[in-house]
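Colleague: Let's see this in three dimensions:
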Amino acid sequence: MFERCPLCERQKEDGAEFCSLHQIASINLENGYVGWRKAFDNLERVEYYSKMEQLQDAGTAVKEVIQYRRRTNRQP
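Modeller: This next block holds a predicted model:
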């Protein structure tokens with residue numbers, strides 16, 4: 001039996017927190033934080049998440065990861 005993604009019920013990637021879609025979104029979200037933090041003078045992750053949620057160009061999967069992290073208090 002395989003484990004399911006907590007966001008969409010797809011099969012989780014081996015050893016990952018999410019399915020491939022949400023795992024990629026999570027990785028991209030965290031990689032983007034590095035650049036935003038430098039650009040916005042040590043921007044806090046919570047504020048970064050808020051800014052990302054407001055962007056129309058941020059994908060649904062990224063926003064779902066943010067909401068999940070807030071709901072579960074899980075920060076990478």
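Colleague: Any buried residues in the longest helix anywhere in the chain, and which?
Modeller: For the chain, the helix that runs over the most residues, judged by DSSP state H, is helix 20-39. Of all the residues in helix 20-39, those buried under the rule 16 or more other Cβ atoms under 10 Å are 21-26, 29, 33. Where you see a C-beta, it was placed from the backbone N, CA and C, and this is true even at glycine.
Colleague: what's the distance between it and the middle of its chain?
Modeller: 7 Å (Cα atoms, centre = their mean, to the nearest Å).
Colleague: quick one: low-confidence parts of this protein?
Modeller: 1, 75-76 (pLDDT under 70).
Colleague: Please, where are all the helices along this protein?
Modeller: With DSSP H as the criterion, the chain has helices spanning 20-39, 45-54, 60-72.
Colleague: of those, which approaches residue 6 most closely?
Modeller: Nearest to residue 6 among the helices of the chain is helix 60-72; the distance by Cβ to Cβ comes to 6.5 Å.
Colleague: Can you give the contact residues for that closest one?
Modeller: Around helix 60-72, the neighbours that count as contacts under Cβ atoms under 8 Å, 6 or more residues apart in numbering are 6-8, 18, 21-22, 24-26, 28-29, 49, 52-53, 74-76.
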